[in-house]
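coordinates only, sequence not included:
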């Protein structure tokens with residue numbers, strides 16, 4: 001008798017299991033929990049022992065324009081994600097319209113990922129630069145080739161270098177349509193972290 005063919009879902013599950021995707025997810029989920037706990041703990045300590053977070057954020061709001069803060073955030077999200085988004089999320093709580101500002105951060109982060117993606121695609125046109133980045137990002141590129149959109153989703157939701165995942169997606173010429181879809185999960189990260197940080201500071 002002929003063996004029944006495995007469903008597409010089972011085949012995918014088997015593939016991700018064999019290639020270590022689930023281990024990768026679990027490992028990075030554990031890594032994600034600790035930084036969030038540390039950020040919240042530091043914010044609470046500073047708030048109660050050093051200076052009120054609200055006062056500090058009000059000072060920032062009064063001395064730096066919204067455009068300059070959004071610009072710094074956008075540049076960071078477009079180029080390797082050098083600054084943790086959690087700082088900016090905490091800042092939005094001190095503004096007059098926190099949810100609006102949080103939404104703007106989420107959109108800017110998503111657009112930053114899009115820019116990183118197209119930067120990756122443009123690198124394909126310059127062999128020398130492409131070769132340099134391939135050497136520097138070999139691990140990200142290999143993971144992207146193995147797991148594609150799911151790696152973008154992980155980068156979007158967990159505190160991993162989202163811009164790096166987007167850059168790698170561009171460098172392997174990952175489908176634009178699927179990239180936009182998976183990268184849009186980035187918005188949910190700001191909803192989740194916004195709730196956690198707002199709750200800690202309330």
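Received, thanks. These figures come from a predicted structure and were not determined experimentally. Numbers count the residues shown, from 1 in each chain.

what's stretch 92-109 in contact with?
In this structure, residues lying in contact with stretch 92-109 by CB atoms under 8 Å, 6 or more residues apart in numbering are 53-54, 57-58, 60-61, 66, 70, 73-74, 77, 85, 88-89, 91, 162, 186-187, 189-191, 194, 197-198, 201. All C-beta spots, glycine's among them, are computed from the backbone N, C-alpha and C.

in that stretch, what counts as buried?
For stretch 92-109, the neighbour count (16 or more other CB atoms under 10 Å) marks 92-95, 101-106, 108-109 as buried.

mind putting these in CSV, distance to residue 147 included?
Written out in CSV, the entries for the buried residues of stretch 92-109 read as follows (distance: CB to CB, whole Å):
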residue, distance to residue 147
92, 32
93, 35
94, 38
95, 37
101, 33
102, 29
103, 29
104, 30
105, 27
106, 24
108, 26
109, 21
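
and the two most separated of those residues?
Based on CB to CB, the longest span within these runs between 94 and 109 and measures 19.2 Å.

any of the contacts of stretch 92-109 buried? List them.
Listed as buried from the contacts of stretch 92-109 are 53, 57, 61, 73-74, 77, 85, 88-89, 91, 162, 186-187, 189-190, 194, 197-198, 201; burial here means 16+ other CB under 10 Å.

so which of those sit within helices?
The members of the buried ones among the contacts of stretch 92-109 that map onto helices under DSSP state H are 53, 57, 61, 73-74, 77, 85, 88-89, 91, 162, 186-187, 189-190, 194, 197-198, 201.
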